[in-house]
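> Provide a 3D model corresponding to the input given below.
(one chain, ligands or ions: 3)
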Amino acid sequence: MTEIHGAVIDNQTRCTHYHQLHDIIAIKFKCCGKYYPCYQCHQEFENHNIAVWGKHEFDTLAIVCGVCKTEHTINQYLNTNTCLHCKSLFNEGCQNHYHLYFDYTAANGKQ
Ligand SMILES: [Zn+2]
Ligand SMILES: [Zn+2]
Ligand SMILES: [Zn+2]
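Ligands and ions are numbered 1, 2, ... in the order given. A predicted model of the protein is given here:
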C-alpha cells in the first residue's frame with residue numbers, strides 16, 4: 001500500500017491545503033521518494049528543498065490516484081485529466097503547479 005505523508009485529512013489524499021472535490025492525487029517527490037498531496041505538505045514535513053523530476057524521468061511512477069491508489073507515470077499524468085484506472089477526474093488547477101514537481105513547460109504556451 002502506498003503511504004501518503006503530510007497533512008492528509010481523508011483517505012483520498014486531500015490535505016489541509018488542497019481539499020476540493022477533485023484534489024485526489026499525491027505526488028512522489030524526487031528528493032525524498034515520499035508521496036505528498038502537495039508541495040506545501042512537503043515543505044511542512046521536510047527540511048530540504050524540493051527536487052523536480054527531469055524530463056528524462058517522466059516514465060517514473062510518481063503520481064497516485066487517491067481514490068483507487070493506482071500509480072501513474074508522470075507522462076501518463078500529464079496526458080490525462082482522469083485516472084486511467086477508475087476514471088476519477090483530477091483537478092485541472094494542478095497544472096498551475098506542475099513546475100513545482102516536474103521540469104515542465106506547457107507545450108501550448110499556457111501558464
Ligand atoms: Zn523531499
Ligand atoms: Zn498539502
Ligand atoms: Zn483512480
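
> need the residues of the chain near ligand 3, please.
Contacts of the chain with ligand 3, taken as CB under 5 Å from the ion, map to 65, 67, 68, 83, 85, 86, 88. Where C-beta positions appear, they are placed from N, C-alpha and C, glycine not excepted.

> which SSE is the third one in?
With secondary structure defined by DSSP states H and E, residue 68 is part of neither a helix nor a strand.

> Now do it against residue 17, distance only.
Distance of residue 68 to residue 17, computed by CB to CB, to the nearest Å: 22 Å.

> near ligand 2, which residues of the protein?
Contact residues (CB under 5 Å from the ion) of the chain with ligand 2: 15, 17, 37, 38, 40, 41.

> Any chance you could list what contacts the lengthiest helix in the chain?
Taking DSSP state H as the criterion, the chain has its longest helix at helix 39-45. The contact list for helix 39-45 (CB atoms under 8 Å, 6 or more residues apart in numbering) reads 5-8, 15-17, 29, 32, 34, 36, 50, 97, 100-101.

> Select from those the one having the most neighbours.
residue 36 (26 neighbours; other CB atoms under 10 Å).

> Regarding that one, what are the backbone dihedral angles?
Torsion angles at residue 36 (phi, psi; degrees, to the nearest 10) stand at phi -130, psi 150.

> okay, it: pLDDT?
In this model, residue 36 is scored at 98, pLDDT.

> ok, what's across the strand from it?
Residues in a beta bridge with residue 36, per DSSP bridges, are residue 27.
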